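*Asks:* Build the 3D model from these lines:
(chains A and B, ligands or ions: 3)
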Amino acid sequence: MFEPILLRNVDVPDGHLLATYRAGGGYQALAKALDEHTPDEIISLVKESNLRGRGGAGFPTGLKWSFVPKRAGKPKYLCCNADEGEPGTFKDRIIMERDPHQLIEGLAISGYAIGAETAYVYIRGEYTLAIQRLEQAIAEAHAKGYLGTRIRGSDFNFVVHIHCGAGAYICGEETAMLDSLEGKRAQPRLKPPFPAVEGLYASPTVINNVETLACVPHIVLRGAGWFRNIGPDKSPGPKLYCLSGQVRKPGLYELPMGTPLRELIEDSGGGPLPGRKIKAVIPGGVSAPLIPAHGLDVGMDFDSLAAAGSMLGSAGVIVIDDSTCMVKVATRIIEFFHHESCGKCTPCREGLNWVVKVLRRVEAGQGVPGDLEQLEALCKGIFGNTFCALGDGAAMGLRAALTHFEHEFVAHIEEHRCPFH
Amino acid sequence: MNMREKIKAAAARYPDQRSAIMPALLIAQKEHGHLPGPVLEEVADILDVERIWVYELATFYTLFHTEPVGVFHLQLCDNVSCMLRGAEDLLRHLEEVLGITKGGTTPDGLFTLSTVECLGACEMAPVMQVGDDYQGDLDIARIDALLDRLRATVGQATGADLAATVPPGE
Ligand SMILES: Cc1cc2nc3c(=O)[nH]c(=O)nc-3n(C[C@H](O)[C@H](O)[C@H](O)COP(=O)(O)O)c2cc1C
Ligand code: SF4
Ligand code: FES
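*Replies:* Ligands and ions are numbered 1, 2, ... in the order given. Just a heads-up that it's a prediction; the model follows:
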């Protein structure tokens, strides 16, 4: 059995309190980082660990940190992406609710590494309990000198502020998040300049996901080699998988990167609901193309899923069984993207509007011959032509549904009704 | 602390006052239940920022309500994971027993019913946010019990009385 690392505190009573965290060895990594390592050594260590971002894109964390200019003449910022809007994803919420100090320790070490004295944690506003717990944890950490000025007798100063989102999926895109933090409507920015050079308030800024930052203390304590030995070498580490949908035991499971999708669903999730068969699985939040039932032996890591034509994304694993209409699933997903499109670029704003119209009519049994070609043409017009990855995600997801379940779309059009009703 | 003081305290976290508009709007909405024009203008004045900046944010983000909402805001998630676990049936049921369609508020001002995108709690799908709380693993019986509980907390008082006493969204 895999010994939980990131989730080791979540079921401990009062796991969110500093005393509990410290009793489990908490804040030793921060002490070690400050006492034994220079900031550059921490960056090297994280590089060596092959830690890749858990927010969706899988970008190497140490490499991202190394892009921050050493002498900027401006303050540097660390932003934690806790917006967690990708449907099917709930891992960051659970870390913040049940083990907020793990995140704070990760923030402090990362801040030390990149030379930031201020961090903003951008949390979606709906997460009331997480916000409250994190606020309490920040206050506790301050009181005990894990945050604040001259931390643990070093000359490192660091504060953490919470910034609450207000319900816009696009704020999870890192540059839109920066605009939102600056008090503007959230819309993605043109890159370059990349945030590491010119981010929040035009200052060097690193944006990392909650789970990414939570990995950092463990790497500092146990070493890069230890981390790299968990799962595939190029995409290693412990990983949080959010299992939901039509499965017996939905929940948050921690397993090594690269765990086969089938094992996650069968062994951890208890398999499909009684009397049902799995039809398809979305492996990484609704932005990730679905995988049909015959593809479930794929390893759940960045590279294996990319090779299988999908992506690990946020590791929001949504199980869909044979009682469910795929046209309906596809329609609901595109409705989501359409609703959340920020409107900045035309292919996404107008294209998705059009896609929703066609999908809704097909779903209602009012599709006409040519609708599927129309949908493919629209995907082609959107994919690769949008300003941020939201539009791409929508187009890729729809394409996968059209490719693997074309017969269901065709049945809706030919029979003038939904065969599942 | 009063609203102005709370907003000032939040603003101290940022080098630029414009960043404080979002937190300020959340504070103002807690205080007033929703965000009518005069409240938006007050926020702009407290932070000394352009009014248009405040209006822009109040109308962009879905958690800000420029129109009043009921004492209890029922926000049912109908995104994929919840849909796969029966959110549609729950929506139909809620519409039926409350006598309103989604987006509407009951005539007594007690309940506003909305559907929302993924609440980030799919492990307990289907989920509904009620005020600040998440109610998960819902079915029709649990929804009925929940509505009874909510009604009981307000006793015999009318929605109008409550709007004056209970902070909306709590
Ligand atoms: C439309 C869109 C939504 C996103 N939503 C999130 C999110 O909710 N949480 C997150 O951590 N990253 C999200 N991302 C990815 C971020 O842009 C960014 O890559 C990430 O926060 C970087 O952190 P990491 O390197 O630690 O993964 C989103 C990206 C896009 C394009
Ligand atoms: S792809 Fe969509 S969300 Fe992204 S910038 Fe364009 S309109 Fe906005
Ligand atoms: S889909 Fe409903 S909480 Fe995620």
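*Asks:* does any bit of the lengthiest strand in chain A sit next to chain B?
*Replies:* Counting residues, the longest strand found in chain A (DSSP state E) is strand A:238-245. Yes - judged by C-beta under 8 Å from any C-beta of the partner chain, strand A:238-245 comes into contact with chain B through A:242, A:243, A:244, A:245. Where C-beta positions appear, they are placed from N, C-alpha and C, glycine not excepted.
*Asks:* ok, and which of the residues you listed reach ligand 3?
*Replies:* Among those, no residue is within reach of ligand 3 (C-beta under 6 Å from any ligand atom).
*Asks:* Quick check, pLDDT for residue A:35.
*Replies:* The per-residue pLDDT reported for residue A:35 equals 97.
*Asks:* separation between it and ligand 3?
*Replies:* 42 Å (C-beta to the nearest ligand atom, to the nearest Å).
*Asks:* Please give me every residue in contact with that residue.
*Replies:* Contact analysis of residue A:35 by C-beta atoms under 8 Å, 6 or more residues apart in numbering or on different chains lists A:152, A:154.
*Asks:* Quick check: it vs residue A:259, distance?
*Replies:* 35 Å (C-beta to C-beta, to the nearest Å).
*Asks:* Contact partners for residue A:408?
*Replies:* Residue A:408 is in contact with A:325, A:326, A:327, A:419, counting by C-beta under 8 Å, 6+ apart.
*Asks:* can you check residue A:3 too?
*Replies:* For residue A:3, counting by C-beta under 8 Å, 6+ apart, there are no contacting residues.
*Asks:* any idea how chain A splits into domains?
*Replies:* A:18-228, A:238-321, A:326-415 (automatic domain parsing).
*Asks:* between the ones you listed, which one is nearest to ligand 2?
*Replies:* domain A:326-415 (3.0 Å; C-beta to the nearest ligand atom).
*Asks:* Do you have the helices of chain B handy? List them.
*Replies:* For chain B, the helices defined by DSSP state H cover B:3-11, B:21-32, B:37-47, B:51-60, B:80-83, B:87-98, B:140-154, B:159-165.
*Asks:* Can you check what angle separates the second one from helix B:51-60?
*Replies:* Following axes from the mean of the first three to the mean of the last three C-alpha atoms, to 10 degrees, one obtains 70 degrees for the angle between helix B:21-32 and helix B:51-60.
*Asks:* so what does helix B:21-32 touch, helix or strand wise?
*Replies:* On a contact count with 3 or more C-beta pairs under 8 Å, 6 or more residues apart in numbering or on different chains; DSSP states H and E, helix B:21-32 meets strand A:159-164, helix B:3-11, helix B:37-47, helix B:51-60.
*Asks:* and the last one, does that touch chain A?
*Replies:* Okay, so that is helix B:51-60. Yes - counting by C-beta under 8 Å from any C-beta, chain A has neighbours in helix B:51-60: B:53, B:56, B:57, B:60.
*Asks:* circling back: which of the helices of chain B sits most buried?
*Replies:* Highest mean neighbour count of the helices of chain B: helix B:80-83, a mean of 29 (counted as mean count of other C-beta atoms under 10 Å in any protein chain shown).
*Asks:* Output the contacting helices and strands for that one.
*Replies:* Under the contact criterion of 3+ C-beta pairs under 8 Å, 6+ apart, helix B:80-83 touches strand A:238-245, helix A:326-340.
*Asks:* so what's residue B:154 scoring on pLDDT?
*Replies:* pLDDT for residue B:154: 86.
*Asks:* Surely it touches residue B:110?
*Replies:* Yes - judged on C-beta atoms under 8 Å, residue B:154 makes contact with residue B:110 at a distance of 6.9 Å.
*Asks:* got the contact list for stretch B:56-63?
*Replies:* Applying C-beta under 8 Å, 6+ apart, the external contacts of stretch B:56-63 come out as A:125-126, A:165-168, A:183-186, B:21-22, B:25-26, B:35, B:40, B:64, B:66, B:116.
*Asks:* if we can go back for a sec, run through the neighbouring helices and strands of the longest strand of chain A.
*Replies:* With 3+ C-beta pairs under 8 Å, 6+ apart as the test, strand A:238-245 has helix A:91-98, helix A:210-222, strand A:251-256, strand A:316-321, helix B:80-83 packed against it.
*Asks:* returning to what we had before: ok, so of the residues of strand A:238-245 next to chain B, who is nearest chain B?
*Replies:* Among the residues of strand A:238-245 next to chain B, residue A:244 lies closest to chain B (C-beta to the nearest C-beta), at 3.6 Å.
*Asks:* residues touching that closest one, list them.
*Replies:* Residue A:244 touches A:88, A:90, A:250, A:316, A:317, A:318, A:319, B:81, B:84, B:122, B:123, B:125, counting by C-beta under 8 Å, 6+ apart.
*Asks:* How about the backbone phi and psi for residue A:300?
*Replies:* Residue A:300 adopts backbone torsions of phi -90, psi 80, taken as degrees, to the nearest 10.
*Asks:* list the contacts for it?
*Replies:* Each residue near residue A:300 by C-beta under 8 Å, 6+ apart is listed here: A:239, A:241, A:255, A:257-261, A:264, A:283, A:312, A:315, A:317.
*Asks:* Tell me where the model's unsure across the stretch 251-400 of chain A.
*Replies:* For the stretch 251-400 of chain A, no stretch has pLDDT under 70.
*Asks:* Mind telling me which residue of chain B is nearest ligand 2?
*Replies:* For chain B, C-beta to the nearest ligand atom, closest residue to ligand 2: residue B:60, 12.4 Å.
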